[in-house]
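In: Next input, structure requested:
(2 chains)
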Amino acid sequence: MTFPSKPWVPYLSPKERVGRENDSSSTTPWFRSRLLQLIVLALALPFLFGASDADARYNSLGHKMMCMCGCSQILLECNHVGCTMSDKMDRELASQIQRGDNDDLILSNFVSSYGATALAAPIRGGFDRVAWIIPFVVFALATGVAVWVVRMWKGRGGPRNGGPGDGSAVLVSAETPALDRFREQARKETEF
Amino acid sequence: MPQIGSFSLLLALALAVYSFAVGALALYRKDDFLSETARRAGIASFVAVVAAAAALVVAALSNDFSLAYIMHHSNRALPTPYKFAALWSGQEGSLLFWTLLLSSYGFVLRLRHKVDTQLTAHASVVIAGVQVFFLLLINFAAHPFAIVTGNIPADGNGLNPLLQYPEMVIHPPMLYLGYVGVTVPFAFALSALIMKYPGEKWIQITRRWTMVTWLFLTCGIFLGMHWAYSVLGWGGYWGWDPVENASLLPWLTGTAFLHSVMMQEKRGMMKMWNMWLIFTTFFLAIFGTFLTRSGVVSSVHAFAQSGIGVWFVWFLAITAAICVGFFAMNYKHLRTENHLESLVSRESSFLFNNLLLLVSCFAVLWGTLFPVISEAFTGSKVTVGAPFFNRVNVPIAMFLLLLTGIGPLLAWRKTSLDALRRNFLIPAIVTVVAMIAMIAFGVRPWQEDISGLYALIGASLAIFVIATVASEFYRGGRVIAGKQSTNVFAGMVQLTRRNTRRYGGYIVHLGVVIIVIGFCGSAFNQDKEQELPNGSAMTIGSYTLVSRLATQDDNANYASEAAVVDVYKHGRQIDTLYPERRVYHSTDQPATMVANHSTPQEDLYVVYAGASDKGNPILKVHLNPLVMWIWIGVWFIIAGTGIALVPNMQSVRVMAPVRDAIAVPGTHTAGAGD
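Out: Presented below is the predicted three-dimensional model:
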C-alpha cells in the first residue's frame, strides 16, 4: 500500500475557496478533525485487537449466552458441577472458536441448536432490535420533553403569583406580612 | 388453628369492607360519627389479621400438617426460626404477610389521625380499599388455611433449601415493608387530590412515610443481594432476574419522588409530576407482586405459577381508572406556583435527575417484559439478561452519578458562573488527579472490555461526588466553627443537626457512591475452578489455597459435604475456610454454603462445587474486588436516612433592628453553594 505524496486537503466548494487560498487558519478545522479521528481510532484499536484473541472471544461469547439447564445463569457463570448443559455448551463454544468460526456464526449455531433463549440478550436482528432501540428512543423523547418544559418555564418568566423572582425590586415595610413571606421563602430555599 | 385463622380472615375482610364503604360514605356526607366508626373498624381489621397470621405461625411451630400450606413449606426437622419464616415462604402465606403489613401501616395511620383528621380519614378509606383487595385474594383465591385432602402426612415437604439462610428471615419482611409501605404515600396523595388539599402539609407527611418505606425497600434489596451472593454461589449479587428487577422499579420511582418533592416544597413546582410519581410507584409495587406471582415471566425467585395474576390485573386497572378520574377532575388544583428561572439551577438538576431515574426504570421494565412482548409479536421467546440491562443502564447510571455530584452544588433558582467555578474547582481537580492515579496504579480500560472503561469512569465520578459532599460539609463546618470558636468537625456535626434533611441526604449520596465503587470492582473479577486433593494447592491473585481435609456430615435436616481449606497470602496463613454443599432430605435439593474471606480490598469467595470421581473436592474460587464496600455503603444510606428523618435542631431567633423599608431584589439568588 502506498500513500499519496501530496497531503490530503478537505473538499471545499468553489464558494468556500474564495479568499481562503492564503488563509493558514483554514487548515485548523481540518487538523482538528483529523486529530479527533486519530484519537477515536486509537481508543477503538485496543478493543478491536482484544476481540481477536481466542481467550477473550471465549470469555466474551460465553457471557453472551445462557446456560440452558434452567438455572437462568450466564453460560460461563453457571455454578452447577455436573450440569451437563453448561459443560457441553462450553465444549461446543471452545471447539467452534478453535475451528475459526466467526462470532456471528457461533451465536447463530447456538440459536439453531438450543433456540433463541440461548442468547443472553436479544441480538438476532429483526424484532430483537426493538429491544435496544426503544429505551434510547424513550430517553431521547424524554430529554426532548424535559428541554421543552424548561424552555416553556423559562419563557413564562417568574412566579405565577408575583413576589420575588419577577425581576423587579419591591419596596416593602419591614413589619409587613410580605416580609415574613420572603423570609419564609428564603428559609425554605436555603434549607435544601 | 385452621378454623381460627379462616374466621379471622373473614372477619378482617368484613371490617375492611365496612371501613372502606362506610368511611367513603361518611366523607361524602361529612358525618364525623360514621367516619370514626370506619376508623375503628380499620383498627379492628388489623387485630383480626394479626390473629390470622398468628394462627398460621402457631400451626407452623406445632407442625400442623393438616394445613396444606404448612405441609408444603415446613417439616419437623426445620429449625424454629425458619418455621417462623414459613409465613412468607409460599404464595398464600406471603400474601397473608403482605396483608398483615398493610394492616399494620393502616393501624399506625389510623392511630395518628389527629395529625390531620380529614386527610387521614380519606387516606384511611384508600388503605381500606387496598386491604379489601388483598383480603379478597387470600379469602377466595389463595387461602393460607386450606386443609389437606385425604390422609394427613406425618411430615411436611420442608422449606426450599435456598431459603434456609439467616438473611431469609429478615430479607422478605424488609422488602415487603418497602413494597407495602408505598401504599401509605399513595393513599395520602390520592386523598390530597380528591380533597383538593390546600398547602403542602400533605407532602410533608407523605415525604416522611416515603423516606421510611424507601429505606425499607433499599435494605430489602441489598439484603436480597447479600443473600444471593452468599447462597446462590455464582459469585455475583445481582443477576437482573425479573423478580430482582421488580423490586428495583418502585425503588427508582420512589427515589425520583424523594428528589422532585423538594421542588414542590420549596418552589411549589412539579405538583402534577409528583402526584403521578407516587401513583406510579404504587402501581409498580403492585405490578412487581403481580410479576412474582402470576408466572408471566420466568424467574428462579418466583412463586409457583397460579391464577391470581388476573386479580392483580383487575386491581391495577381499577386503581389506575380511579387515579386518572380524580386527576382529570382536580388537576387544576395542581398547577405550579413558580417557574424555572435558569437552566443552571437546582430545579433543573432535579428535573434531569428525575428524567434519568424514570428512563432507567422504563429500561428495566422494558427489558423485563420484552420476552413476553417478543413472544406475542414473533411467537419466539427470547432471553433478556445481564448484557442487555448493563449496556442500557450503566451509561444512565453514570449520568446520574454525575448529577449527584453537580446537583447539590447548584443553588435554587439560579447559580452564577462565579459560584459554579468556586464550587466545582476543587472537586474537579481531585477527580482528575484520582483518575490519573488509578491509571498509574494499573487500571487499564483500554486493555479490558468496556466494563473496565465503565469502572474507571464510575470510580472517578464517585470520587467527584465524594469531593463535592466533603467540600459542602467542610465549608459549612468551617463557617460554624469560626462563629462558635470550635473545631471544624464539631462545626460539621452542628451543621448536620441544624439541617438534618440536607446533610442526611448528602450522607445517603455518600453511601450510594461507596456502593458504586463496590460495583466498579466487578470489572476486575477473577475466577478459577480446580480439583483439590488433600494437601494440594491452588493460586488465585495473591492467595494460595491449600486443601487440608474433605469432610461429610448428616443430620436430621440435611446431608453435607465440605472442604477445609487453609488460605495463605504472601506465604502467611491468614484464614481457614469451610465451603460446604448441603442436600436437604425433605426436598432432595442441593444448596451451597459459600465460604468467604472478605476484606476491604477483595473477597476470596470459595464455593464447594462438588466431589470428583476420585472423591476429591472441586472448588470454584472467585476473587471479587471491593465487594465489601457495597455493604458498607448500605450502612451509610441507613445512617443518612435516619439523620434526615430526625427533626432539625431548633434555630435561635436573634432580634436585630431593621430599617423601615428595605428593598427586596427580585433576582437575588440564595441557596447551597452561594
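
In: For chain A, give me the ranges with low pLDDT.
Out: A:1-52, A:79-82, A:155-192 (pLDDT under 70).

In: Tell me where it has helices.
Out: Under the criterion DSSP state H, chain A contains helices at A:14-17, A:27-52, A:54-62, A:84-99, A:103-114, A:128-156, A:177-189.

In: What residues sit buried inside the fourth one?
Out: Translated: helix A:84-99. A:85-86, A:89-90, A:93, A:96-97 (16 or more other C-beta atoms under 10 Å in any protein chain shown). All C-beta atoms are positioned from the backbone trio N, CA, C, and that covers glycine.

In: Next: the longest one.
Out: Applying a neighbour-count criterion of 16+ other C-beta under 10 Å, the buried positions in helix A:128-156 are A:128, A:130-132, A:134-135, A:139, A:142, A:146, A:149-150, A:153.

In: can you put the buried residues of helix A:84-99 in TSV and add distance to chain B?
Out: As requested, those are exported to TSV (distance: C-beta to the nearest C-beta, whole Å):
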residue	distance to chain B
A:Met85	14
A:Ser86	11
A:Met89	14
A:Asp90	11
A:Leu93	16
A:Gln96	19
A:Ile97	16
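
In: would B:Val512 count as being in a strand?
Out: No: according to DSSP: H, G, I helix; E, B strand; the rest coil, B:Val512 belongs to no strand; its state is helix.

In: how close does it get to B:Tyr454?
Out: B:Val512 is 16 Å from B:Tyr454, where distance means C-beta to C-beta, to the nearest Å.

In: just B:Ile221 next, same as before
Out: From B:Ile221 to B:Tyr454 the distance is 21 Å (C-beta to C-beta).

In: near chain A at all, the helix or strand harbouring B:Val433?
Out: Using DSSP states H and E, B:Val433 sits within helix B:417-440. No: using C-beta under 8 Å from any C-beta of the partner chain, helix B:417-440 stays clear of chain A, with a minimum separation of 13.5 Å.

In: same for the helix or strand that that helix is followed by, what does it pack against?
Out: Beyond helix B:417-440 on the C-terminal side, the first helix or strand identified by DSSP H and E is helix B:450-484. Using 3 or more C-beta pairs under 8 Å, 6 or more residues apart in numbering or on different chains; DSSP states H and E, the elements in contact with helix B:450-484 are helix B:386-406, helix B:417-440, helix B:488-498, helix B:500-520.

In: can you rerun that using 10 Å?
Out: Here helix B:450-484 is seen to pack against helix A:27-52, helix B:386-406, helix B:417-440, helix B:488-498, helix B:500-520 when contacts are counted using 3 or more C-beta pairs under 10 Å, 6 or more residues apart in numbering or on different chains; DSSP states H and E.

In: Burial-wise, tell me which of those helices comes out on top.
Out: Mean neighbours per residue, mean count of other C-beta atoms under 10 Å in any protein chain shown, is largest over these for helix B:500-520, with a mean of 22.

In: tell me what that helix is packed against?
Out: Partner elements for helix B:500-520 (3+ C-beta pairs under 10 Å, 6+ apart): helix B:201-227, helix B:242-267, helix B:386-406, helix B:450-484, helix B:488-498, strand B:617-625, helix B:628-645.

In: Output these in CSV; the columns should cover distance to B:Ile147 and mean pLDDT.
Out: Putting the helices and strands packed on helix B:500-520 into CSV (distance: least, C-beta to C-beta, whole Å; pLDDT from 0 to 100) gives the following:
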stretch, distance to B:Ile147, mean pLDDT
helix B:201-227, 32, 89
helix B:242-267, 30, 89
helix B:386-406, 43, 90
helix B:450-484, 53, 89
helix B:488-498, 57, 90
strand B:617-625, 45, 90
helix B:628-645, 42, 95
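
In: so which of those gets nearest A:Ala121?
Out: When these are compared by C-beta to C-beta, helix B:386-406 sits nearest A:Ala121, at 4.0 Å.

In: Just the CA trace of the helix holding B:Val433, in CSV.
Out: Extracted as CSV, the C-alpha positions of helix B:417-440 are listed here (Å, rounded to 0.1, in the frame of the first residue of the first chain):
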residue,chain,number,x,y,z
LEU,B,417,-20.8,31.4,37.0
ASP,B,418,-18.6,32.6,39.8
ALA,B,419,-20.3,30.3,42.3
LEU,B,420,-20.1,27.4,39.8
ARG,B,421,-16.3,28.0,39.4
ARG,B,422,-15.8,28.3,43.2
ASN,B,423,-17.8,25.2,44.0
PHE,B,424,-16.5,22.9,41.2
LEU,B,425,-12.9,23.7,41.0
ILE,B,426,-11.5,21.6,43.9
PRO,B,427,-13.8,18.6,43.3
ALA,B,428,-12.9,18.7,39.6
ILE,B,429,-9.1,18.8,40.4
VAL,B,430,-9.5,15.9,42.9
THR,B,431,-11.3,13.9,40.3
VAL,B,432,-8.7,14.4,37.6
VAL,B,433,-5.9,13.6,40.0
ALA,B,434,-7.7,10.4,41.2
MET,B,435,-8.3,9.3,37.6
ILE,B,436,-4.6,9.7,36.7
ALA,B,437,-3.7,7.9,39.9
MET,B,438,-6.0,5.0,39.1
ILE,B,439,-4.4,4.7,35.6
ALA,B,440,-0.9,5.0,37.2
